[in-house]
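Asks: Output the structure for:
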Amino acid sequence: MTSAHGASGTMNVGVIGAGLMGHALALVHALGGCRVSLQDNDQKALERAPALIEGALTTLTEGDAIAADEATAAQGKITTVASVPDAIEDAALVVEAVTENRDIKRAVFANIDASAPPDAIIASNTSHLDVFPLMSAGRQARCLITHWYTPPYIVDLVDLAPGPETTRDVMTMMHALYAGMGKYPIAFETFISGYVANRIQAAMNLEIFRMLDEGLASPEEIDGSIRHGLTLRLAAIGQLEKLDYTGLEMVQRGLANRTYEPPEPSGRSRTLDQLIEDGRTGVMAGAGFYEYGEVPPTELFRRRDAKLLRLKKALQDMETELG
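Replies: Here you go, the predicted structure:
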């Protein structure tokens, strides 16, 4: 077995799961200078990953986010492999990026435990699950959650959450690793299901699905209200600073004058259930809330990423010029 770090000090990273998040996380770490082995039991997902990575790199290059030689170097650092042992036997960091299913994650963690070096750090990209009970007891000190937002090669936020036995040095190292890649890591003191951004999104979704289920607003009206109303201000100053500009007394009166009750979580949405039943599961299926016609997913991702890159650059320029 070779060292987990090469002569240049480049970290070996194994990414387990090559789906929509896994292939993107492989790209994030490769752009950060790591050598990446990407694995998935689904051969179709593994075969699709290189094209998705290449497409993302093209968009980043065309958007002036990276130089052409950086894209070439990053692509050369990613290797797809068929088995978990091949992906992680020399890894200093193992990134678990499989579906949000307890049984599947438990099985993946067992495979990781059997093959990863004893000192490897194991990071789970999970949105809501408390994955630490699913991990081997002997690995707990070097396990943590690193939760990313899609597409992670553009969206810089990454949530870091320790388990009950995660050591401080592991958290410090991972924070430094991702900050060094230009990301925006937020380290929590303990696992919080949903973290901050996902909890806010979950609250929004409750209200959005209630309006859809009751026929109060269309997808176009809801997205229009968000894009042309909420997000312009949120992108510039966040929510709580926005309230400072509104005036907290007015916010207080707004709370008191509310004439409806927020929806109670039910765990279901008639609108969502019907879309899924009809096979309209999102971009990869060609339809969800919206019709995408014959436009391939790779092109849809390119368009999304190009918009995000332009918005991100505009925000960065604004912060530089105006503070």
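
Asks: now the longest helix belonging to the chain, how far from the centre of its chain.
Replies: In the chain, taking DSSP state H as the definition, the longest helix is helix 297-322. Relative to the centre of its chain, helix 297-322 is centred 16 Å away, using CA atoms, centre = their mean, to the nearest Å.

Asks: same deal with stretch 296-309?
Replies: 16 Å.

Asks: Quick check: mean pLDDT of that stretch?
Replies: Here stretch 296-309 scores 93 as its mean pLDDT.

Asks: list the buried ones in it?
Replies: Across stretch 296-309, burial judged by 16 or more other CB atoms under 10 Å covers Pro297, Phe301, Arg302, Asp305, Leu308, Leu309. The way it works is simple: take the backbone N, C-alpha and C, and place the C-beta from them, glycine included.

Asks: Return the residues in contact with Thr271.
Replies: Phe209, Leu212, Asp213 (CB atoms under 8 Å, 6 or more residues apart in numbering).

Asks: Reformat these as a markdown table; add pLDDT.
Replies: Listed next are the contacts of Thr271 as a markdown table, based on pLDDT from 0 to 100:
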| residue | pLDDT |
| --- | --- |
| Phe209 | 95 |
| Leu212 | 96 |
| Asp213 | 96 |
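
Asks: JSON lines for these, including neighbour count?
Replies: Below are the contacts of Thr271 laid out as JSON lines (neighbours: other CB atoms under 10 Å):
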{"residue": "Phe209", "neighbour count": "18"}
{"residue": "Leu212", "neighbour count": "19"}
{"residue": "Asp213", "neighbour count": "17"}
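
Asks: Of those, which belong to helices?
Replies: Phe209, Leu212, Asp213.

Asks: you'd agree the first one is up against Ser269?
Replies: Yes - counting by CB atoms under 8 Å, Phe209 touches Ser269, with 3.9 Å between them.

Asks: which residues in the stretch 51-200 of the chain form strands?
Replies: Using DSSP state E, counting those that start in this stretch, the strands of the stretch 51-200 of the chain run over 78-81, 93-96, 121-124, 143-148, 157-162, 184-187.

Asks: Go ahead and name everything in contact with the fourth one.
Replies: Contacting residues not belonging to strand 143-148 are listed as 21, 24-25, 28, 95, 121-127, 131-132, 135, 155, 157-163, 166, 170-171, 174, 178, 191, 195, 198 [CB under 8 Å, 6+ apart].

Asks: Weed out the non-buried ones from the residues you listed.
Replies: 21, 24-25, 28, 95, 121-127, 131-132, 135, 155, 158-163, 166, 170-171, 174, 178, 191, 195, 198.

Asks: How many neighbouring residues does the residue lying closest to Asp113 once chain neighbours are set aside have?
Replies: What sits nearest to Asp113 in space, not counting adjacent residues and going by CB to CB, 6 or more residues apart in numbering, is Ser136, at 4.1 Å. When neighbours are counted by other CB atoms under 10 Å, Ser136 registers 14.

Asks: For Ser136, list the residues it contacts.
Replies: Applying CB under 8 Å, 6+ apart, the residues near Ser136 are Phe109, Ala110, Asp113.

Asks: Can you tell me which of these has the most neighbours?
Replies: Result: Phe109 is most packed of the contacts of Ser136 (other CB under 10 Å), 24 neighbours.

Asks: give the contact list for the nearest residue to that residue once chain neighbours are set aside.
Replies: Excluding its sequence neighbours, the residue lying closest to Phe109 (CB to CB, 6+ apart) is Met135, at 4.9 Å. Counting by CB under 8 Å, 6+ apart, Met135 touches Phe109, Asp113, Ile122, Cys143, Gly163.

Asks: elements contacting the longest helix of the chain?
Replies: Judged by 3 or more CB pairs under 8 Å, 6 or more residues apart in numbering; DSSP states H and E, the packing partners of helix 297-322 are helix 43-62, helix 231-237.

Asks: residue ranges of the helices in the stretch 51-200 of the chain, please?
Replies: 68-76, 84-88, 102-115, 168-180, 197-213 (DSSP state H, counting those that start in this stretch).
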